[in-house]
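S.K.: no FASTA, just this:
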């Protein structure tokens, strides 16, 4: 079965621009979570979507937003990019329907965003 | 304050050595998961431990969940260069959002 697909793999943007990243989860998974990974902070949770609704949100400014479509594909958007937004952005899919094993996350390869 | 504290942060060893990395918390978890991440890739799930005191083995890797379900350890026997990577523990307190520790970076040299 196909894994989690994130596009694009690499992106270079200029400060002040906006960017949209895409994630296609594993078929049948209804939960998609987004994480930002940097060397200093590790994996930080951005938000989780389940059945097109944002179910949880991390401690990031409003410049970071996301959405989920009816086919469970998800996008995240970052507006007014700052140098500190340079990071690996990871998407993870899971069944998300509650229960211990349904939190197991399957990650995409990530999108490496560089802001210059 | 990090919900899950991992130690050590970095570990550099020679091929054939044994090692243990730790994941500690003051919170109780219904389960803990271990992932390995290689450079430029996303984390890959290794194991989920569910029951307090549980021990799971995956070839040369042994995972243990503390009796109180607040901590876990990963022991690698006879480490190989292919074990190199970032080892992350993660938990979802009360089935909420999965939270990750900062990880242990392991380098195994030939």
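M.R.: Here it is on my side, so go on. Only a predicted model underlies this, so the values are computations on that prediction, with no experimental measurement involved.

S.K.: Identify the bridge partners of the closest residue to chain B within chain A.
M.R.: Closest contact between chain A and chain B, by C-beta to the nearest C-beta, is at residue A:107 (3.1 Å). From N, CA and C alone the C-beta is placed, and that goes for glycine too. With DSSP bridges as the criterion, residue A:107 is bridged to residue A:92.

S.K.: That one: what's it in contact with?
M.R.: By C-beta atoms under 8 Å, 6 or more residues apart in numbering or on different chains, the residues touching residue A:107 are A:4, A:90-92, B:35, B:42-44.

S.K.: mind putting those in CSV, pLDDT included?
M.R.: Shown next, in CSV, are those (pLDDT from 0 to 100):
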residue, pLDDT
A:4, 96
A:90, 97
A:91, 96
A:92, 94
B:35, 97
B:42, 95
B:43, 96
B:44, 96
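
S.K.: Compare those residues and tell me which is most surrounded.
M.R.: Most neighbours among these, by other C-beta atoms under 10 Å in any protein chain shown: residue A:91, with 30 neighbours.

S.K.: Now that we're looking at the residue nearest the centre of chain A, what pLDDT does it have?
M.R.: By C-alpha atoms, centre = their mean, the mean C-alpha position of chain A lies nearest to residue A:34, the distance being 2.7 Å. With respect to pLDDT, residue A:34 has a value of 96.

S.K.: Quick check: phi and psi on it?
M.R.: Phi and psi for residue A:34, reported as degrees, to the nearest 10, are phi -120, psi 140.

S.K.: And stretch A:83-91, end to end?
M.R.: 21 Å (C-alpha to C-alpha, to the nearest Å).

S.K.: wait, I meant stretch B:68-77
M.R.: Termini of stretch B:68-77 sit 25 Å apart (C-alpha to C-alpha).

S.K.: Ok, stretch B:34-51 next?
M.R.: Distance between the two ends of stretch B:34-51: 15 Å, counting by C-alpha to C-alpha.

S.K.: List the buried residues of that stretch.
M.R.: Applying a neighbour-count criterion of 16 or more other C-beta atoms under 10 Å in any protein chain shown, one finds B:34-37, B:41-49 buried in stretch B:34-51.

S.K.: Looking at the contacts of residue A:107, which is nearest residue A:112?
M.R.: Lowest distance from residue A:112 to the contacts of residue A:107 (C-beta to C-beta) belongs to residue A:90, with 10.3 Å.

S.K.: Show me what from chain A comes close to chain B.
M.R.: Residues of chain A lying near chain B by C-beta under 8 Å from any C-beta of the partner chain: A:4, A:6, A:33, A:35, A:41-43, A:45, A:48, A:56, A:58, A:90, A:92, A:94, A:98-101, A:103-110, A:112.

S.K.: quick one on the thing from earlier: and which of the buried residues of stretch B:34-51 is nearest residue A:11?
M.R.: Using C-beta to C-beta, the buried residues of stretch B:34-51 come closest to residue A:11 at residue B:42, 16.0 Å.

S.K.: Test my guess that that closest one contacts residue A:4.
M.R.: Yes - at 7.4 Å, residue B:42 counts as touching residue A:4 under the criterion of C-beta atoms under 8 Å.

S.K.: just the strands in chain A please.
M.R.: According to DSSP state E, chain A carries its strands in the segments A:5-7, A:10-13, A:19-24, A:31-38, A:42-50, A:53-57, A:64-68, A:74-78, A:87-94, A:106-107, A:111-115.
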